[in-house]
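Enquirer: attaching a predicted model along with its sequence, questions to come.
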Amino acid sequence: MYHVLYDYFTNGTTTRLTVKQNATLLFPSIHICPKNPDHLNYDVLFRDITRRLGNLSMEVKADILLYFIAGTGFQNTNVEEWSAVYRDSVRKLVTRCFRLDNYYQKGGGSSHSLRLNFKHTKGLINGGAAQKQVVVHFGDEYPDISKYPRIYITDNDYGTVKFKLRKVSMMRMRENCTTDPLSRGRYTCYLSRWLQEKIIEPFNCTLPHLRNVTISRGYNICSPHVIVSHYGDIMSSATLKNKCILNCERWDLFFDLYTNWHRKDNAFRLDLSYRDLSYEEYVEIEMLSLPSFISQIGGQLGLFLGTSIISLIHLTCYLLTKITEVRLRVKILVKDRSIDF
């Protein structure tokens, strides 16, 4: 009896695990970029920084440029150029990246894997030498991405990535998950938190390449001087004040990377696939709903007391009736004695 009452009043839950098969599975968004952004004309950028901000040390200029290359805090995003001087350089950098969305695996096994072969890209300021490494970022079904999770593929590497999907459906009862649209994806939540706490709240503005993010709407673009002046605070490694709570309805992605040496001139090779066309579904459900609770209580009482809820109600009504009759008799008796006196 105690456990039944405890489970009901504490909103006890249990988890149902099901492995489901699908005819197709959607690959995560895949972003492949050169590891080293050596496609910029640094001399032009340094001259523009000097013209706008005055004589700065080369170290400070390098920090500003590194911040700019990193996408104003987020790598491999669509960077909005600060001035016309940046246009050609940024365009060359962005077009070196490759993004793959909405691609499905339609069969099981390695024969249906997605194979990506890339030739070496040549840098513009390193004498035309080939790049020796690429970085691969994995995102979810939403457009925002983060620096993690990511993998590196080195020259003459044959990389194989095996994905695993988990669908999670949780009940929003103890603030253990959220339905906030700003937290619909893992990286969407982190991006919104970072932008709110590091840029919007202290400076009342937003970044150029993040102006279309929901939380940025209505704010003007920050002046480069503001970003440069507070560069240390913005890029601080201090954790955010408000942590991201995962969405109640979400897909979790897991993967394993296997690499092997593969001798082939001018190529990076990467195979991506699911082990099979299945995914795990985790559904959180109530241990006791109201009808189940009534049924459990009735069963418990019937088993241990030889009665039921209906008979208990009858017993209660009978006792109330008898108590009322006794009270009436007592009143009549007291009244009769007072008359005799």
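Expert: Received, thanks.

Enquirer: contacting residues around residue 53?
Expert: Neighbour list for residue 53: 64, 224-225, 228 [criterion: CB atoms under 8 Å, 6 or more residues apart in numbering]. Placement of C-beta: from N, CA and C, glycine included.

Enquirer: how about JSON lines for those residues, with secondary structure added?
Expert: Shown next, in JSON lines, are the contacts of residue 53 (DSSP: H, G, I helix; E, B strand; the rest coil):
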{"residue": "64", "secondary structure": "helix"}
{"residue": "224", "secondary structure": "helix"}
{"residue": "225", "secondary structure": "helix"}
{"residue": "228", "secondary structure": "helix"}
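
Enquirer: mind listing the strands for the stretch 101-250 of the chain?
Expert: 104-105, 114-118, 133-138, 150-154, 157-169, 249-261 (DSSP state E, counting those that start in this stretch).

Enquirer: what's the most buried one of the ones you listed?
Expert: strand 133-138 (a mean of 20; mean count of other CB atoms under 10 Å).

Enquirer: could you pull out the helices for this protein?
Expert: 2-9, 42-53, 58-69, 87-94, 186-195, 201-203, 224-229, 231-234, 290-305, 309-340 (DSSP state H).

Enquirer: count of neighbours near residue 317?
Expert: The number of residues packed near residue 317 is 10, by other CB atoms under 10 Å.

Enquirer: for it, give its distance to residue 197.
Expert: 62 Å (CB to CB, to the nearest Å).

Enquirer: I'd like the strands of the stretch 101-250 of the chain laid out as TSV, including distance to residue 269 and mean pLDDT.
Expert: Shown next, in TSV, are these (distance: least, CB to CB, whole Å; pLDDT from 0 to 100):
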stretch	distance to residue 269	mean pLDDT
strand 104-105	18	92
strand 114-118	5	84
strand 133-138	11	84
strand 150-154	8	84
strand 157-169	5	90
strand 249-261	10	87
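
Enquirer: can you list these in a markdown table and add distance to residue 57?
Expert: Converted to a markdown table, these look like this (distance: least, CB to CB, whole Å):
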| stretch | distance to residue 57 |
| --- | --- |
| strand 104-105 | 51 |
| strand 114-118 | 37 |
| strand 133-138 | 29 |
| strand 150-154 | 32 |
| strand 157-169 | 38 |
| strand 249-261 | 40 |
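
Enquirer: could you list the low-pLDDT ranges of the stretch 101-250 of the chain?
Expert: Within the stretch 101-250 of the chain, the stretches with pLDDT under 70 are 121-129, 147, 174, 182-183, 236-240.

Enquirer: let me see the domain layout of this protein.
Expert: Domain assignment for the chain by the TED database gives 41-94, 290-337.

Enquirer: mean pLDDT for those domains: which is lowest?
Expert: Lowest mean pLDDT of the domains of the chain: domain 41-94, a mean of 61.

Enquirer: thought residue 279 was touching residue 18?
Expert: No: contact criterion CB atoms under 8 Å: residue 279 and residue 18 do not qualify, at 9.5 Å.

Enquirer: between those two, which is the more surrounded one?
Expert: Taking other CB under 10 Å, residue 279 and residue 18 do not tie; residue 279 has more neighbours (19 against 10).

Enquirer: so which of the strands of the stretch 101-250 of the chain comes closest to residue 54?
Expert: Closest of the strands of the stretch 101-250 of the chain to residue 54 is strand 133-138, at 34.4 Å (criterion: CB to CB).

Enquirer: what is the closest one packed up against?
Expert: strand 30-34, strand 150-154 (3 or more CB pairs under 8 Å, 6 or more residues apart in numbering; DSSP states H and E).

Enquirer: send me it as PDB with only the CA atoms.
Expert: Taking C-alpha atoms only, strand 133-138 is exported to PDB below (Å, rounded to 0.1, in the frame of the first residue of the first chain):
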ATOM      1  CA  GLN A 133      44.400  17.600 -42.400                       C
ATOM      2  CA  VAL A 134      40.700  18.300 -42.400                       C
ATOM      3  CA  VAL A 135      38.200  18.600 -39.600                       C
ATOM      4  CA  VAL A 136      34.800  17.100 -39.600                       C
ATOM      5  CA  HIS A 137      31.900  18.400 -37.500                       C
ATOM      6  CA  PHE A 138      28.700  16.500 -36.800                       C
END
